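K.L.:
need a structure here:
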Amino acid sequence: EEFTTNNPVELNIIDLDKNEIEKTHEPDEENREDNDDELKFLEKVELEARFTARRIKELLQEKTFHKESDDKLKRVAYGDIVILLRAVSGWAGIYEEVFRKEKIPFYYEGGGGYFNSIEVQVAVNVLKLLHNTAQDIPLLSVMRSPIGGFDIRELTLIRSIYRKGSYCNACRNYINGLEIDDKAAVIDEELRAKLKSFFNRLDHWRDESNNMKLEDLIWMILLDSKYYGFVGGLTKGKERQANLRMLVDKAYTYTSGTTRNIYDFLLYVETIMSRDNDKTGSAKVIGINEDVVRLMSIHNSKGLEYPIVFLNSLDRGFNKLDNSKKVLMHKELGIGPIYFDMDKRIRKSTLARDAIAKKNELEALAEEMRILYVGMTRAIDRLIMVGTIDDLMTKYNRWVQGTDNYFLYKAKSYLDWIGPCIFKDLEH
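P.N.:
Numbers count the residues shown, from 1 in each chain. Model (predicted):
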């Protein structure tokens, strides 16, 4: 009786191959660089954000369980809804922009300290570009933000025409009108002018950085880009502006009376974030009863419950980078190094390293299972799961074979676990 809807649990799969963004420009997978994975993830996140916004508007016309209501039911409100992701960093800004356009009040539960707030991340990424423009992930972040004002379609168009090299080089080539990889493609002059204006602004700020104090530079960028005024118009705008003013204060405190520059300040920020010891409280404070849709990581949702939970990005791959190190360690199995033969100038893995790698992989999968369990049990009334894939039939043919230990251990994402449980009884 706790569930009040006909479909308390639903799985929504978005087929990227049928999406209009992906259909507009066919990617050349062979020539894509690794950094283009970030662009593809941005496409997926925007699709899921748009789907989530549309689904939320539908839910607002329904009722949900509410223990304090006389009849245990009440009309769905924004505050009843939470969006959970395995990892939120770098994605929250896209949800915020999509929800702003759809006029849905939105709040990101960062849970990772001051430097993880969206507006501060964008400002720090601008500083990274001033230090070194050839950083694709910060570049995509700033271009996708209100400072750049580029949408996913424009970002994809640039890469579809210049497929080789870094994304920064693709942008420069687009501006300069160099010979394009796709002979049938045509340069969009409006987009070209927009790109040129954006990079000219970066170049101007970089020139100014040689003659200005860091705190004055940051403040000039916030005003020149109108980003400070923009965040003031969002949900909890005054607190967001306070976060940006805190960044200016931090820059002043760190560089005052020293010869420290942008690079030194960025190292300071990275050190704080990498050590996970950012104890600086964000200037934002939001009450538990605020009527906003919340976005948070699954980890930060432990112990919390919400009437309606969106569990998104189920296709995001598991992180297996721990096994890429030359020397692996385990608390029970010890140390597993790579074997080097200096005379023959060869190297290969060792039995100890292979054993530890397998052990680490199994323990990592067990941890992912626990995290998935936490995410799926945060919902009181409705659990809505969302994933985006680009080869639906291949996945489907795998899922209908059902579950066994092989598929359990070979899973690359949460969707690889959920799919077989749902489709295993269906005919091919």
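
K.L.:
check contacts around the residue lying closest to Asn261 once chain neighbours are set aside.
P.N.:
Leaving aside its sequence neighbours, Asn261 sits nearest to Leu214 (C-beta to C-beta, 6 or more residues apart in numbering; 7.1 Å). No exception for glycine: its C-beta is placed from N, CA and C like everyone else's. Shown in contact with Leu214 (C-beta atoms under 8 Å, 6 or more residues apart in numbering): 251-252, 254-255, 260-262, 265.

K.L.:
mind listing which of the residues you listed are in strands?
P.N.:
Judged by DSSP state E, strands contain none of these.

K.L.:
pick the one among these closest to Asn200.
P.N.:
Of all the contacts of Leu214, Ile262 has the smallest distance to Asn200: 19.1 Å, by C-beta to C-beta.

K.L.:
okay, now the closest one: neighbour count?
P.N.:
19 (other C-beta atoms under 10 Å).

K.L.:
try the one 3 residues further on
P.N.:
The burial metric for Phe265, expressed as a neighbour count using other C-beta under 10 Å, is 21.

K.L.:
hang on, the earlier thing: list phi and psi for the residue nearest to Asn261.
P.N.:
Main-chain dihedrals, Leu214, degrees, to the nearest 10: phi -60, psi -40.

K.L.:
which regions of the stretch 51-200 of the chain sit below the pLDDT cut-off?
P.N.:
For the stretch 51-200 of the chain, applying pLDDT under 70 flags the ranges 67-71, 89-90, 109-114, 181-184.

K.L.:
please, where are all the helices along it?
P.N.:
Along the stretch 51-200 of the chain, the stretches classed as helices by DSSP state H, counting those that start in this stretch are 92-101, 118-131, 136-144, 152-161, 167-176, 189-209.

K.L.:
what angle separates the fifth one from helix 118-131?
P.N.:
Relative orientation of helix 167-176 and helix 118-131, computed by axes from the mean of the first three to the mean of the last three C-alpha atoms, to 10 degrees: 70 degrees.

K.L.:
list the contacts of helix 167-176.
P.N.:
With C-beta under 8 Å, 6+ apart, helix 167-176 has contacts from 33, 35-36, 39, 133-136, 139-140, 158-159, 161-163, 165, 187, 191-192, 195-196, 199.

K.L.:
make a PyMOL selection of the buried ones in the residues you listed.
P.N.:
Buried residues within the contacts of helix 167-176, by 16 or more other C-beta atoms under 10 Å, are selected in PyMOL with:
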select buried, resi 33+35+36+39+133+135+136+139+140+158+159+161+162+163+191+195+199
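
K.L.:
can you give me the strands for the chain?
P.N.:
With DSSP E as the criterion, the chain has strands spanning 9-15, 63-65, 73-75, 81-85, 106-109, 293-297, 306-311, 328-330, 334-336, 339-341, 346-348, 379-389.

K.L.:
now do the first one against strand 306-311, angle only.
P.N.:
Spelled out, it's strand 9-15. Using the same axes, to 10 degrees: strand 9-15 against strand 306-311 is 30 degrees.

K.L.:
show me what strand 9-15 is packed against.
P.N.:
helix 36-59, strand 379-389, helix 414-423 (3 or more C-beta pairs under 8 Å, 6 or more residues apart in numbering; DSSP states H and E).

K.L.:
so for Lys103, which of these sits nearest?
P.N.:
It's helix 36-59; of these, that one is closest to Lys103 (C-beta to C-beta) at 9.4 Å.

K.L.:
can I get the CA coordinates of the closest one in PDB?
P.N.:
Below are the C-alpha coordinates for helix 36-59, written out as PDB (Å, rounded to 0.1, in the frame of the first residue of the first chain):
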ATOM      1  CA  ASP A  36      35.800  13.500 -27.500                       C
ATOM      2  CA  ASP A  37      34.300  11.100 -25.000                       C
ATOM      3  CA  GLU A  38      33.600  14.200 -22.900                       C
ATOM      4  CA  LEU A  39      31.600  15.800 -25.700                       C
ATOM      5  CA  LYS A  40      29.600  12.600 -26.100                       C
ATOM      6  CA  PHE A  41      28.900  12.500 -22.400                       C
ATOM      7  CA  LEU A  42      27.700  16.100 -22.600                       C
ATOM      8  CA  GLU A  43      25.300  15.100 -25.400                       C
ATOM      9  CA  LYS A  44      24.000  12.200 -23.200                       C
ATOM     10  CA  VAL A  45      23.600  14.400 -20.100                       C
ATOM     11  CA  GLU A  46      21.700  17.000 -22.000                       C
ATOM     12  CA  LEU A  47      19.300  14.400 -23.500                       C
ATOM     13  CA  GLU A  48      18.600  13.000 -20.000                       C
ATOM     14  CA  ALA A  49      18.200  16.400 -18.500                       C
ATOM     15  CA  ARG A  50      15.600  17.300 -21.100                       C
ATOM     16  CA  PHE A  51      13.800  14.000 -20.600                       C
ATOM     17  CA  THR A  52      13.900  14.500 -16.900                       C
ATOM     18  CA  ALA A  53      12.500  18.000 -17.100                       C
ATOM     19  CA  ARG A  54       9.600  16.900 -19.300                       C
ATOM     20  CA  ARG A  55       8.900  13.900 -17.000                       C
ATOM     21  CA  ILE A  56       8.900  16.300 -14.000                       C
ATOM     22  CA  LYS A  57       6.300  18.500 -15.600                       C
ATOM     23  CA  GLU A  58       4.100  15.400 -16.100                       C
ATOM     24  CA  LEU A  59       4.500  14.300 -12.500                       C
END
